[in-house]
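Engineer: For reference, the sequence and a predicted model appear below.
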Amino acid sequence: MKSMKGKWAGQYTYGEGYPDLLVGRSVAFELILTGNGVEFGGFFTDDETRDIFADPGTVHGYLENNIVVFSKWYPCAWQIHDDGSIELFKDQPSHEICYRGDAGDNSFSGEWEIPAAFVDEDGSYVDATGKGTWSMYKIL
């Protein structure tokens, strides 16, 4: 694949680090990308947050040797609770969602993660990283 420029459709699937209710659940997304062949940027929407954000999220990444690496950022921070409800934190920046995947025939698939860690009230390190899988294909 020579360029990421164009419109892409795909899905991400919740995996490790998420409540049982969410694990295995897939969410459709669309990306509209521009770029010079190696680096690219653009915007995305997904079915989970399309109705709660007025603006699309942003994406930036690169394509090299049939491997794509990109990050996504929503308009602000948000959290999905154990019951599937979504809470927005409009005064906080989005977490970075890191994607890596391998090329197929006008498609990519791979894994994503949201790296997160904190120290709890007892002083213990807690890894709160969320992970999953994804795939997408070029539609325009």
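Structural biologist: Alright, I've got the coordinates.
Engineer: which residues of this protein fall in strands?
Structural biologist: Using DSSP state E, the strands found in the chain span residues 6-14, 26-35, 39-46, 57-64, 67-73, 77-80, 86-89, 97-103, 107-114, 117-119, 125-127, 130-138.
Engineer: what helices or strands is the last one leaning on?
Structural biologist: By that I understand strand 130-138. strand 6-14, strand 97-103, strand 107-114 (3 or more CB pairs under 8 Å, 6 or more residues apart in numbering; DSSP states H and E). Bear in mind the C-beta positions are built from the backbone N, C-alpha and C, glycine included.
Engineer: Mind putting those into JSON lines with mean neighbour count, mean pLDDT and distance to residue 74?
Structural biologist: Listed next are the helices and strands packed on strand 130-138 as JSON lines, based on neighbours: other CB atoms under 10 Å; pLDDT from 0 to 100; distance: least, CB to CB, whole Å:
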{"stretch": "strand 6-14", "mean neighbour count": "18", "mean pLDDT": "97", "distance to residue 74": "13"}
{"stretch": "strand 97-103", "mean neighbour count": "17", "mean pLDDT": "96", "distance to residue 74": "8"}
{"stretch": "strand 107-114", "mean neighbour count": "18", "mean pLDDT": "96", "distance to residue 74": "11"}
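Engineer: and the ones you listed as JSON lines, adding distance to residue 37?
Structural biologist: Listed next are the helices and strands packed on strand 130-138 as JSON lines, based on distance: least, CB to CB, whole Å:
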{"stretch": "strand 6-14", "distance to residue 37": "12"}
{"stretch": "strand 97-103", "distance to residue 37": "14"}
{"stretch": "strand 107-114", "distance to residue 37": "16"}
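Engineer: Flag the shaky bits of this protein, pLDDT-wise.
Structural biologist: Along the chain, segments meeting pLDDT under 70 span 1.
Engineer: again, only using 90
Structural biologist: Within the chain, the stretches with pLDDT under 90 are 1-3, 17-21, 36-38, 79-85, 103-106, 115-129, 140.
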